[in-house]
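Student: Take this sequence and fold it.
(2 chains)
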Amino acid sequence: MATYSSNQFKNGLKVMIDGDPCAMVDVDFVKPGKGQAFTRVRLRNLLTGRIWERTFKSNESVESADVMDRDMEYLYNDGEMWHFMDPSSFEQVAADANAVGDTHKWLKEQDKCMVTLWNDNPIAVMPPNFVELEVVETDPGLKGDTAQGGSKPATLSTGAVVRVPLFIERGEVLKIDTRNGEYVSRA
Amino acid sequence: MTIENDWHPSAPIANLQARARLLAQVRQFFAERKVMEVDTQLLSQAAVSDPFIESFEAIYRPSPEQQGVALYLQTSPEYAMKRLLAAGSGPIYQLGKVFRNGERGRRHNPEFTMLEWYRPGYSANQLMDEVEQLVLQTLQADQIERISYRDLFVKYLALDPHVVPTDILRALCRSRLGVEFEDDSRDTWLELLMSHLIEPQLQQPVFVHSFPSTQAALAQVVTDERGVEVATRFELYMGGVELANGYQELTDADEQARRLQVDQARRQALGLPQRPLEQRLVAALKATMPECSGVALGFDRLLMLALGVDSIDQVIAFPFERA
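Tutor: The predicted model follows:
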């Protein structure tokens, strides 16, 4: 297994800490004028999302984590697992609820997602920034009310509930920003 | 980064203008006080002895095809300036570049600008007064608090750094800093706690004085009011940054020779390069070294604090990657 020495640390580097894959999010060189040099690192645990802090001596080394991000197409959910395919190699992987997390509510078949693989197993799934989903349930639209403010909840085909303008009708397809879960426009 | 993009200076021109003003202001400060500016050699046949300061090597060749001899870029002008003091220079300052290998980070560049000055006849306290006058001309602050290393640790960590068992220090580093490495040096743990837990909280300017004798470097060692040996060393912190380091200077030639050897032995034990020691310094101390105090202040960091920026790249034209 490859290792990285603390003087090679940089943001984005993926390493193993306490058996979990982590990504470095902040690396700082700390050296008292007369004292030893240390490398202070903030890491995001890629399994739990939690932020850890660690301090290393110069020349201390850590094991690299075999983690990569791949663009994959969402295929289907079989009731337990979510299945994704690499569109160039047709290779498929199955992600469990832990890896998919809240992302499941934005997953529409054939949409491109970013799947993070650790030792070839999915550990995280990022939806596209924007998705287009159909409204399956909402209160009847108010005719002519296109300019006024005000909003109502709408349930989308994936089960997600978003706030939408009052004029939106059941059956319409909407563009949603998955980063904040907000309505953008009619698709 | 490509050559097309990184020809630009990293510091805004306005910051470089502030830099030029501060350089002039510092020179004015010392001119008013009749302290002589000196500019000693950057290349020296001897290297700094400190185990944790790594010199750059440069090769001198009498002619291009001949075998060269290693010279070392200064990591501070301390040795050369002390030789001048011993030769009767009187009060002197130096404002120029120093070089430290491997030091790169948000507050570090491998070459940086240091302001170092020496005052014959001054105690550490008197020199702190003068540092205070200089710094308060530049920074927004009313006065600079003074606290001993012991009281500082008591205040922030509720422990006495001179007597607490090393195991406690190590355990604290493990639990608070996510440290897993081993180290048999007590000072490593003290420095970790200082730099990681205490220093970031030192936002208002503060002089920390009376360091453990094991961190004396080239300061005199005295016995404090509790009978503990402490170094007459002080450091100035502000904005969570180490800004200056000063000593009531060691003038005992035999002790100086001993400390050089202790450093060299520690280098050997740590597998660090053995480099020529500056025996001319020992000879100078043996001759006529006056009692004096001296201090080195990071000029770039002073400017960072004056401008309220948190990266050294904001105050130097071309940092390491663009140099």
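
Student: give the contact list for A:Asn129.
Tutor: Contacts were defined as C-beta atoms under 8 Å, 6 or more residues apart in numbering or on different chains; by that measure A:Asn129 touches A:Asp177, A:Thr178, A:Arg179. For glycine as for every other residue, the C-beta is placed from the backbone atoms N, C-alpha and C.

Student: ok, now which ones touch the one residue sitting closest to the centre of chain B?
Tutor: To find the centre residue of chain B, average its C-alpha atoms and take the closest one (C-alpha atoms, centre = their mean): that gives B:Asn245, at 5.0 Å. Contact criterion C-beta under 8 Å, 6+ apart gives A:Gly33, A:Lys34, B:Arg233, B:Phe234, B:Glu235, B:Leu236, B:Val295, B:Ala296 as the residues in contact with B:Asn245.

Student: And the contacts of A:Asn129, which of them are buried?
Tutor: Buried positions within the contacts of A:Asn129, assessed by neighbour count (16 or more other C-beta atoms under 10 Å in any protein chain shown), are A:Thr178.

Student: Closest to chain B out of the contacts of A:Asn129?
Tutor: A:Arg179 (27.8 Å; C-beta to the nearest C-beta).

Student: Got the phi and psi for whatever residue of the stretch 101-250 of chain B ends up closest to chain A?
Tutor: Taking C-beta to the nearest C-beta as the measure, the point where the stretch 101-250 of chain B comes nearest chain A is B:Gly105, at 2.7 Å. Comment: the main-chain dihedrals of B:Gly105 come out as phi -180, psi -170, following degrees, to the nearest 10.

Student: related to what we said a few turns ago, give me the beta-bridge partners of the residue nearest to the centre of chain B?
Tutor: With DSSP bridges as the criterion, B:Asn245 is bridged to B:Glu235, B:Ala296.

Student: where exactly do the helices run in the stretch 101-250 of chain B?
Tutor: Defined through DSSP state H, counting those that start in this stretch, the helices belonging to the stretch 101-250 of chain B, from first to last, are B:124-138, B:149-157, B:166-177, B:186-193.

Student: Deepest in the core, which of those is it.
Tutor: When you average the neighbours per residue for each of the helices of the stretch 101-250 of chain B (mean count of other C-beta atoms under 10 Å in any protein chain shown), helix B:186-193 leads with a mean of 22.

Student: contacting residues around it?
Tutor: Helix B:186-193 is contacted from outside by A:32, A:35-36, A:38, A:55, B:153, B:157, B:161, B:166, B:169-170, B:172-173, B:177, B:179, B:183, B:212, B:214-215, using C-beta under 8 Å, 6+ apart.

Student: what about that helix, average pLDDT?
Tutor: Averaging the model's pLDDT scores along helix B:186-193 yields 95.

Student: any idea of the angle that helix forms with helix B:149-157?
Tutor: Taking axes from the mean of the first three to the mean of the last three C-alpha atoms, to 10 degrees, one finds helix B:186-193 and helix B:149-157 inclined to each other by 50 degrees.

Student: Quickly list the domain ranges of chain A.
Tutor: Per the record, chain A has its domains at A:3-63, A:67-126, A:130-186, by automatic domain parsing.

Student: thinking again about what came up before, now, the contacts of A:Asn129 that are in strands?
Tutor: Secondary structure from DSSP state E places A:Asp177 of the contacts of A:Asn129 in strands.

Student: so what's the residue of the stretch 101-250 of chain B closest to chain A closest to, chain neighbours aside?
Tutor: By the measure of C-beta to C-beta, 6 or more residues apart in numbering or on different chains, the closest residue to B:Gly105 outside its immediate chain neighbours is A:Phe29, 2.7 Å from it.

Student: Repeat that for A:Asn119.
Tutor: Taking C-beta to C-beta, 6+ apart, and ignoring the residues beside it in sequence, A:Asn119 has A:Asp66 as its nearest neighbour in space, at 5.3 Å.

Student: Roughly how far does that neighbour sit from B:Arg100?
Tutor: Computed with C-beta to C-beta, to the nearest Å, the distance linking A:Asp66 and B:Arg100 is 36 Å.

Student: higher neighbour count, those two?
Tutor: Comparing A:Asp66 with B:Arg100 by neighbour count (other C-beta atoms under 10 Å in any protein chain shown), the higher total belongs to B:Arg100, at 25 against 14.

Student: what about A:Ala37, neighbour count?
Tutor: A:Ala37 has 22 neighbours, counted by other C-beta under 10 Å.

Student: Nice, that's everything, thank you.
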